[in-house]
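[1] Structure here, sequence nowhere to be found:
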Ligand code: SF4
C-alpha cells in the first residue's frame with residue numbers, strides 16, 4: 001500500500017507540467033506521497049505531512065497508466081520514506097516510463113530503486129528551512145546521490161550567505177541549481193533577481209518555479 005497525500009479528500013495524483021529542475025516544462029503525471037521526515041518553515045506542501053490515503057499499488061499503477069503520459073514525477077512529502085511500496089508500484093509500470101523522484105536527500109535509496117529511477121532531484125535543506133542540520137543533512141546519502149550522474153541538486157536560497165553552506169557540501173557544481181524561496185507568484189518575482197545574480201556570480205544554473213508563474217499557489221496542478 002502507498003500512503004498518498006490527501007488533497008480535497010482524494011489521493012493527490014494529477015497531470016501537469018514539471019515546474020522545477022532540468023526537465024521543467026515537460027508534461028508529467030505527479031504522485032505526491034504523504035509524510036515527511038523534515039518540517040521546513042516555508043514548505044509549500046504542508047498538507048502532505050500528516051496522514052494521507054492508503055491506496056493499493058495496483059490501483060495507483062492503473063490510475064497513472066490512465067493518463068497515457070511518458071513521464072512520472074514522484075514527490076512528497078519525502079517519497080523515500082516509502083521505498084518498498086514504491087518498488088512494487090514501479091514493477092507494475094512500463095520500463096519505458098521516465099521516472100523522476102523529488103527528495104530532500106536525507107535517505108539512501110534501495111538498489112532496486114536506484115536502478116529504476118531515471119532522474120533524481122535532490123533538494124537538501126539549508127539552515128533557513130528551520131530544520132536542525134543533523135536532521136536535514138545526511139553526508140552518506142548526499143555522497144551516494146553525488147555519485148549518480150542522473151542526480152541534480154536543487155537548493156532553495158534566500159541570500160548570498162547560503163552559497164557558503166552549499167559549497168561546503170562539495171557537490172558537483174555542474175549539477176547544482178539555485179531556486180528562489182517562494183510559495184506564491186508575487187514572492188517568486190520579488191526573489192528571482194537576487195538568485196539570478198547569485199547564479200551568475202557562482203556559475204551555476206537557475207532553477208525557476210514554473211508552476212508558480214503559471215498557477216500561483218494553487219494545489220494539485
Ligand atoms: S522536505 Fe520538502 S516536503 Fe518535507 S517539509 Fe521540507 S519542503 Fe516540505
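    Sure, I can see it. Everything numeric in this text was worked out from a predicted model, so none of it was measured.
[2] got a list of contacts for the helix ranked longest in the chain?
    The longest helix of the chain (DSSP state H) is helix 185-202. Residues outside helix 185-202 that contact it (CB atoms under 8 Å, 6 or more residues apart in numbering) are 157-160, 163, 173, 178-182, 204-206, 208-209, 212-213, 216-217. All C-beta atoms are positioned from the backbone trio N, CA, C, and that covers glycine.
[3] which among those end up buried?
    Buried members of these, counted by 16 or more other CB atoms under 10 Å: 157-158, 163, 178-182, 204-205, 208-209, 212.
[4] out of these, which are inside helices?
    163, 212.
[5] Residue 100 - that's part of a strand, no?
    Yes - assessed by DSSP: H, G, I helix; E, B strand; the rest coil, residue 100 belongs to a strand.
[6] I'd like the distance between it and the ligand.
    15 Å (CB to the nearest ligand atom, to the nearest Å).
[7] again with residue 48
    Counting by CB to the nearest ligand atom - residue 48 and the ligand are separated by 6 Å.
[8] Find me the pLDDT at that residue, would you?
    On the pLDDT scale, residue 48 is placed at 97.
[9] residues contacting it?
    Per CB under 8 Å, 6+ apart, neighbours of residue 48: 5, 12, 32, 33, 34, 35, 36, 76, 77.
[10] Quick check: which of the residues you listed are also close to the ligand?
    36, 76, 77 (CB under 6 Å from any ligand atom).
[11] which stretches of this protein form strands?
    Ranges of strands within the chain are 2-4, 6-7, 10-11, 13-17, 27-32, 53-55, 71-75, 98-103, 119-122, 151-157, 176-180, 205-206, based on DSSP state E.
[12] what is the mean pLDDT for stretch 92-110?
    98.
[13] what residues does this structure put near the ligand?
    Near the ligand, when you scan the chain using CB under 6 Å from any ligand atom, you find 36, 38, 39, 40, 43, 45, 76, 77, 78, 104, 125.
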